[in-house]
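**Q** how would this look folded up:
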Amino acid sequence: MFSTDYFHTASAPQLQDYHDYAQAHIRDRRISLSPLAKKWLRNYREPYKGFTADGNIVPGLWKSNPNANGPTQTMVNAAQHLLSVASAAEKARFRHLVTAREWRAWSNPEVMVMECGLRVDSMSSDTMNAVYDLLRVSLSPEGFERVWTAMMMTQPENQEDLHRISEYQFCLFGEPGPSSPWGFNLFGDNVCVNVFTLGGEVVIGPFFVSAGPSFTEQGLVDGVQVFEREEAAGLALMASLNPQQQREASLTGEIEEFHADQDLFDPMDYRSLGGAHQDNRIVPYEGICAADLNLDQQQALLHIVRSFNQVLPQESLDLFMQRVESHLGETYFSWLGPVHTDAPFYFRIHSPVVMVELDHQDGIMVPGTSSKQYRIHATQRLPNRGDYGAALLDEWVMKMAGFDRIGSIIR
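**A** Numbers count the residues shown, from 1 in each chain. Modelled structure (predicted):
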């Protein structure tokens, strides 16, 4: 069983006034993460282009499907109920245009570089319940269970004030309607979910889930393993490769040495490249191409991507996997670390339409946890303007305006 020494004490600065603590990273140069927070702010202020492999957006990858049959109407009903119970003051805080830059203000650590949205624990009970109902109907049952579990994961037994479940920011973008573009996000220390919907299309990305400890024997979710299937499936895929294939899949260097590359390493994201404030990041394809895998290995790779995306409603998941499978020959699998169950490892699956990462990390500010599978970060990006439904929004605006081409809509 993990000791409660792994968790913040009640007097820790992280558990004092949330906004003061978060914004202090921008104001106070003495705080160790202040330079990183300033870098995030610079990234946030850049015009949105999108996550790419070489700096160039590949056009035409994200086209709306007239047969999309996601739960858009159910989501609309839940959003309209939310708007009916929220106060004017609450709505003034959490409502934004669908084109707003605030889509990109989400943050998985406690450090916030931009104030946006409204803290769920500051809402009335009716508004809070309506937010969680919107989240529930927008995800698959399994997806909601996973997200909810991660939100509760860091709350130790009998210490309910330590990490309150509702310490998350919420934003609603656009005007909810069955044929208009809109969405929402919910983000905080363990979970970041960005949901966009338009006419039956439901897009979830960027998407981030973490848990530390990766396995807990205490707290509100006693004995729950987060991303156990994805861990095992990634390890099994790497183990199935022959020695030459493993050499192709392996990233350069040792897993601990990866920290030395300051262009790649982020003290909040560690080896993950698709974290918060990385919307315009260039990540080249690395590793072994799926075209060089046998059929069983290709199916195992697709299974991992599908498992990451079980958060999507079933109809939306099926459509998403069709998009992923259509680019299988351009999909790459890469690995860092030993190939056995007792050591930390990192893997990435990257294609023109998806990038998923799973990273084992040290405990945050926890002594003696290096080189262990202590904390898990699972991150997903949708390259080439798939994030935030931006490409689908671009397409919709062009159709409405009668244009053949326009610039970036999300700022």
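**Q** Report the beta-bridge partners for Leu118.
**A** Assessed by DSSP bridges, Leu118 has beta-bridge partners Phe170.
**Q** what's the longest strand in the chain?
**A** Scanning the chain for the longest strand, with DSSP state E as the assignment, gives strand 201-211.
**Q** Using CSV, write out the CA atom coordinates for it.
**A** What follows is strand 201-211, C-alpha atoms only, in CSV (Å, rounded to 0.1, in the frame of the first residue of the first chain):
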residue,chain,number,x,y,z
GLU,A,201,-19.6,14.2,-35.5
VAL,A,202,-18.0,13.9,-32.0
VAL,A,203,-14.3,14.6,-31.7
ILE,A,204,-12.3,14.2,-28.5
GLY,A,205,-8.9,15.7,-28.5
PRO,A,206,-6.6,16.8,-27.1
PHE,A,207,-7.2,14.2,-24.4
PHE,A,208,-5.1,13.6,-21.3
VAL,A,209,-5.4,11.3,-18.4
SER,A,210,-2.9,10.7,-15.6
ALA,A,211,-2.8,8.9,-12.3
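**Q** what's that strand packed up against?
**A** Other helices and strands packing on strand 201-211, by 3 or more C-beta pairs under 8 Å, 6 or more residues apart in numbering; DSSP states H and E, are helix 72-85, helix 141-152, strand 191-198, helix 314-325, strand 375-381. From N, CA and C alone the C-beta is placed, and that goes for glycine too.
**Q** Tabulate these in CSV, adding columns for distance to Lys39 and mean pLDDT.
**A** Putting the helices and strands packed on strand 201-211 into CSV (distance: least, C-beta to C-beta, whole Å; pLDDT from 0 to 100) gives the following:
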stretch, distance to Lys39, mean pLDDT
helix 72-85, 34, 99
helix 141-152, 26, 91
strand 191-198, 18, 97
helix 314-325, 31, 98
strand 375-381, 18, 90
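**Q** Quick one, which of these gets closest to Ser240.
**A** Minimum separation from Ser240 across these (C-beta to C-beta) falls at helix 314-325, 19.4 Å.
**Q** for the closest one, packing partners?
**A** Counting by 3+ C-beta pairs under 8 Å, 6+ apart, helix 314-325 packs on strand 201-211, helix 295-308.
**Q** cutoff 10 Å now
**A** Packing contacts for helix 314-325, counted by 3 or more C-beta pairs under 10 Å, 6 or more residues apart in numbering; DSSP states H and E, involve helix 141-152, strand 201-211, helix 295-308.
**Q** Restrict stretch 346-359 to CA atoms and write it as CSV.
**A** The C-alpha coordinates for stretch 346-359 follow below in CSV (Å, rounded to 0.1, in the frame of the first residue of the first chain):
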residue,chain,number,x,y,z
TYR,A,346,7.4,5.1,-23.0
PHE,A,347,5.7,4.4,-26.3
ARG,A,348,4.1,6.4,-29.1
ILE,A,349,1.8,5.6,-32.0
HIS,A,350,1.8,8.4,-34.5
SER,A,351,0.0,8.9,-37.8
PRO,A,352,-1.5,11.8,-39.8
VAL,A,353,-4.7,11.7,-37.8
VAL,A,354,-3.7,10.5,-34.3
MET,A,355,-0.8,10.5,-31.9
VAL,A,356,-1.1,8.5,-28.6
GLU,A,357,1.5,8.4,-26.0
LEU,A,358,1.9,6.4,-22.7
ASP,A,359,4.7,7.4,-20.3
